[in-house]
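Q: coordinates only, sequence not included:
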């Protein structure tokens, strides 16, 4: 799938803004930008993240959505990178709505997720009134499955720019044995996906009344192959554990930061 001008410029802006590990703030005396070192605690942490936040944000129109991208990367991302327990952030465009973006925040636990939420709300509250934000999808919950590629960052597109992100919300059947579902997916589905070409990340988040599956693949073709594999596996193993069709949000990644993970 060809990158649009908006996606390409978003990636270039990301690289320019976040290619350094500094946060820029304005001096109270003269308004001069001052470099402040951002000492994220991520590098000292090990193991997999334990919590996640997934959102879809919608701006009034496509132009405003494009305009906010560098501001998110320049102001918001540094503010959550220093939250204790921060583990990663993914920022993507939305295929179905050019005025929307998809985000994924990874943290160590519920407390760090709550702190990241507070930072997000503070950022939204401080936006220019013209950038009124709607949030049609916001999920937060513990990670029951987390599997990242074994490849290093140097083997993947820089900042995962142009990789494909998909988030699926499913409602669980009232009598579903979620522990059994998680065990089945962990033992069967996840190892299969991890061996496929272009696999980057699979995350399974438990939410009240359901689950959210998050996939990242390198290309649209590899995403389609992964989707087919998931559909076939679900049909054979867990089709009776959900109700109705999943709600799907997907799009190309603008920028991703997952230090110590990818």
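A: That came through, no problem. What you are looking at is a predicted structure, and each value in this text was computed from that prediction instead of being measured.
Q: what's the span of stretch 137-156, first residue to last?
A: Taking C-alpha to C-alpha, to the nearest Å, the span from the opening residue of stretch 137-156 to its closing residue is 28 Å.
Q: please begin residue numbering at 49 from this point
A: Right, with 49 as the first residue, what we last looked at is stretch 185-204.
Q: centre of the chain to that stretch, how far?
A: Here the centre of stretch 185-204 is set off from its chain's centre by 8 Å, with C-alpha atoms, centre = their mean, to the nearest Å.
Q: where do the strands sit along the chain?
A: Along the chain, counting by DSSP state E, strands occupy 70-74, 81-85, 99-106, 134-141, 148-155, 182-196, 212-220, 247-255, 258-265, 290-305.
Q: and these as JSON lines, adding mean pLDDT, distance to residue 233 and mean neighbour count?
A: (Glycine included, C-beta is placed from N, CA and C.) Formatted as JSON lines, the entries for the strands of the chain read as follows, by pLDDT from 0 to 100; distance: least, C-beta to C-beta, whole Å; neighbours: other C-beta atoms under 10 Å:
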{"stretch": "strand 70-74", "mean pLDDT": "31", "distance to residue 233": "38", "mean neighbour count": "13"}
{"stretch": "strand 81-85", "mean pLDDT": "33", "distance to residue 233": "41", "mean neighbour count": "11"}
{"stretch": "strand 99-106", "mean pLDDT": "98", "distance to residue 233": "16", "mean neighbour count": "22"}
{"stretch": "strand 134-141", "mean pLDDT": "98", "distance to residue 233": "21", "mean neighbour count": "25"}
{"stretch": "strand 148-155", "mean pLDDT": "98", "distance to residue 233": "19", "mean neighbour count": "25"}
{"stretch": "strand 182-196", "mean pLDDT": "97", "distance to residue 233": "6", "mean neighbour count": "17"}
{"stretch": "strand 212-220", "mean pLDDT": "96", "distance to residue 233": "12", "mean neighbour count": "21"}
{"stretch": "strand 247-255", "mean pLDDT": "97", "distance to residue 233": "6", "mean neighbour count": "22"}
{"stretch": "strand 258-265", "mean pLDDT": "97", "distance to residue 233": "9", "mean neighbour count": "23"}
{"stretch": "strand 290-305", "mean pLDDT": "96", "distance to residue 233": "12", "mean neighbour count": "19"}
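Q: mind putting these into TSV with distance to residue 165?
A: Putting those into TSV (distance: least, C-beta to C-beta, whole Å) gives the following:
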stretch	distance to residue 165
strand 70-74	20
strand 81-85	23
strand 99-106	7
strand 134-141	12
strand 148-155	9
strand 182-196	7
strand 212-220	17
strand 247-255	14
strand 258-265	16
strand 290-305	18
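Q: among the ones you listed, which is nearest residue 236?
A: The stretch from these with the least distance to residue 236 (C-beta to C-beta) is strand 182-196; that distance is 11.6 Å.
Q: from the rest of the structure, what touches that closest one?
A: 96-106, 154, 158, 161, 165, 215, 217, 230, 233-234, 238, 241-242, 248-256, 259-260, 295, 297, 306, 309-310 (C-beta atoms under 8 Å, 6 or more residues apart in numbering).
Q: swap in stretch 290-299?
A: Applying C-beta under 8 Å, 6+ apart, the set of residues contacting stretch 290-299 from outside is 104, 140-144, 149-150, 185, 212-221, 224, 258, 271.
Q: list the buried residues for stretch 102-120?
A: Of the residues in stretch 102-120, those with enough neighbours to count as buried (16 or more other C-beta atoms under 10 Å) are 102-107, 113-114, 116-118, 120.
Q: which residue is nearest the centroid of this protein?
A: Nearest to the geometric centre of the chain sits residue 152, at 2.3 Å (C-alpha atoms, centre = their mean).
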